[in-house]
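A.B. asks: Give me the fold of what follows.
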Amino acid sequence: MGRLSGKVALITGAARGQGEAEVRLFVEEGAKVVMGDVLDDEGRAVAASLGEDVVYVHHDVSQEADWSRFVETAVERFGRIDVLVNNAGILRSAFIEEMSLDLYMQVVGINQAGCFLGIKSVIPEMKKVGGGSIVNISSTGGLSGIPGLGAYCSSKFALRGLTKVAAAELGPHGIRVNSVHPGGIETAMVSASREQNPKMARQYEALPLGRIGQSEEIAKLVLFLASDEASFSTGSEFIADGGGQAVH
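C.D. replies: The predicted model follows:
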């Protein structure tokens with residue numbers, strides 16, 4: 001308990017799945033949280049269940065104006081920003097030959113540009129408090145290619161590069177920036193993909209750990225990076241995939 005006491009965190013894509021798990025764990029560890037999503041009913045329900053330490057804001061990460069409102073809410077309500085978790089993301093499946101530019105740009109706008117806007121938006125407030133931690137949720141799809149996921153993998157690979165540039169630029173200000181690379185995690189997004197592709201279940205069984213991951217397991221890794229325990233970690237990639245990268 002108390003690993004984030006005194007800290008204020010912004011978490012995107014927080015109405016369900018990994019984002020919701022992060023919000024709940026952060027509050028348990030003493031943080032105050034401003035959570036954002038476009039799933040308003042689910043997001044408000046999560047915030048209401050956690051009391052005054054959590055505020056929900058409707059937030060489309062691809063819109064710069066939404067980021068301004070998100071940051072302003074945190075400062076007005078809690079007075080500072082110490083942590084940003086760029087968790088929001090979408091997955092759209094199509095082979096490159098069949099993929100429209102609109103579909104490609106939709107994924108890039110949320111998964112890639114959304115993280116860029118988030119990093120840019122919190123820098124001034126983190127500088128004011130003398131530092132902070134930014135955690136970008138990438139994917140093992142940002143480490144290796146997956147057929148049918150050209151847009152998704154492109155955005156997640158790009159996030160690795162953005163993380164490293166941000167770490168280099170912001171390190172002198174005490175702001176750490178790292179990326180997390182989950183493999184298969186039991187979320188609504190992955191469950192939908194599994195229903196479309198039954199072979200995915202067998203892929204998880206073939207992992208060294210023999211199972212799909214859980215949102216709470218990723219949340220614990222994000223908690224570490226957000227906390228002062230990770231004070232010498234920046235510009236790095238943290239993989240949580242049940243051993244998938246070890247055998248592929």
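A.B. asks: tell me the average confidence for stretch 232-239?
C.D. replies: Throughout stretch 232-239, pLDDT has a mean value of 97.
A.B. asks: And it, what's buried?
C.D. replies: 234, 235, 236, 238, 239 (16 or more other Cβ atoms under 10 Å). For every residue, glycine as well, the C-beta is placed using N, CA and C.
A.B. asks: what's the first-to-last distance across that stretch?
C.D. replies: This stretch, stretch 232-239, spans 17 Å end to end (Cα to Cα, to the nearest Å).
A.B. asks: What lies in contact with that stretch?
C.D. replies: Residues external to stretch 232-239 that are found in contact with it (Cβ atoms under 8 Å, 6 or more residues apart in numbering): 138, 140, 143, 160, 163-164, 167-168, 171, 176-181, 183, 221, 225, 245.
A.B. asks: Repeat that for stretch 148-158.
C.D. replies: 89, 91-96, 99, 103-104, 106-108, 110-112, 138-139, 141-143, 145-146.
A.B. asks: ok, back up a step: export the buried residues of stretch 232-239 to CSV and tack on secondary structure and distance to residue 117?
C.D. replies: Formatted as CSV, the buried residues of stretch 232-239 follow (DSSP: H, G, I helix; E, B strand; the rest coil; distance: Cβ to Cβ, whole Å):
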residue, secondary structure, distance to residue 117
234, coil, 20
235, coil, 20
236, coil, 22
238, strand, 23
239, strand, 25
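A.B. asks: ok, back up a step: so of the contacts of stretch 232-239, which ones are in helices?
C.D. replies: In this view, those that belong to helices under DSSP state H are 160, 163, 164, 167, 168, 221, 225, 245.
A.B. asks: Model confidence for the residue sitting nearest the centre point of the chain, exactly?
C.D. replies: Centroid check for the chain by Cα atoms, centre = their mean gives residue 87 as the closest residue, at 1.9 Å. With respect to pLDDT, residue 87 scores 97.
A.B. asks: List phi and psi for it.
C.D. replies: phi -100, psi -30 (degrees, to the nearest 10).
A.B. asks: That one against residue 10, yeah?
C.D. replies: No. Using Cβ atoms under 8 Å, residue 87 is not in contact with residue 10; the gap is 9.9 Å.
A.B. asks: overlap in contacts of the two?
C.D. replies: Joint contacts of residue 87 and residue 10 (Cβ under 8 Å, 6+ apart) do not exist.
A.B. asks: In this structure, which strand is the longest?
C.D. replies: Secondary structure of the chain per DSSP state E: the longest strand is strand 175-182.
A.B. asks: Tell me which strands it pairs with, and in which orientation.
C.D. replies: strand 132-137 (parallel), strand 237-240 (parallel) (DSSP bridges).
A.B. asks: Among the ones you listed, which comes closest to residue 82?
C.D. replies: strand 132-137 (5.0 Å; Cβ to Cβ).
A.B. asks: in stretch 95-103, what's buried?
C.D. replies: Neighbour-count burial for stretch 95-103 [16+ other Cβ under 10 Å]: residue 99.
A.B. asks: Just the terminal-to-terminal distance for it.
C.D. replies: Note: stretch 95-103 ends 11 Å apart using Cα to Cα.
A.B. asks: Not counting that stretch itself, show me its contacts.
C.D. replies: 92, 94, 147, 148, 150, 151.
A.B. asks: what does stretch 214-226 give?
C.D. replies: Contacts for stretch 214-226 (Cβ under 8 Å, 6+ apart): 3-4, 7, 9, 17-18, 20-22, 24-26, 29, 31, 83, 85, 133, 135, 137, 176, 178, 180, 182, 185-187, 230, 233, 238, 240.
A.B. asks: all strands of the chain, in order?
C.D. replies: Going by DSSP E, the chain shows strands at 8-11, 32-37, 54-58, 83-86, 132-137, 175-182, 237-240.
A.B. asks: Would you mind putting the ones you listed into JSON lines with distance to residue 118 alongside?
C.D. replies: Converted to JSON lines, the strands of the chain look like this (distance: least, Cβ to Cβ, whole Å):
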{"stretch": "strand 8-11", "distance to residue 118": "8"}
{"stretch": "strand 32-37", "distance to residue 118": "10"}
{"stretch": "strand 54-58", "distance to residue 118": "13"}
{"stretch": "strand 83-86", "distance to residue 118": "5"}
{"stretch": "strand 132-137", "distance to residue 118": "8"}
{"stretch": "strand 175-182", "distance to residue 118": "11"}
{"stretch": "strand 237-240", "distance to residue 118": "18"}
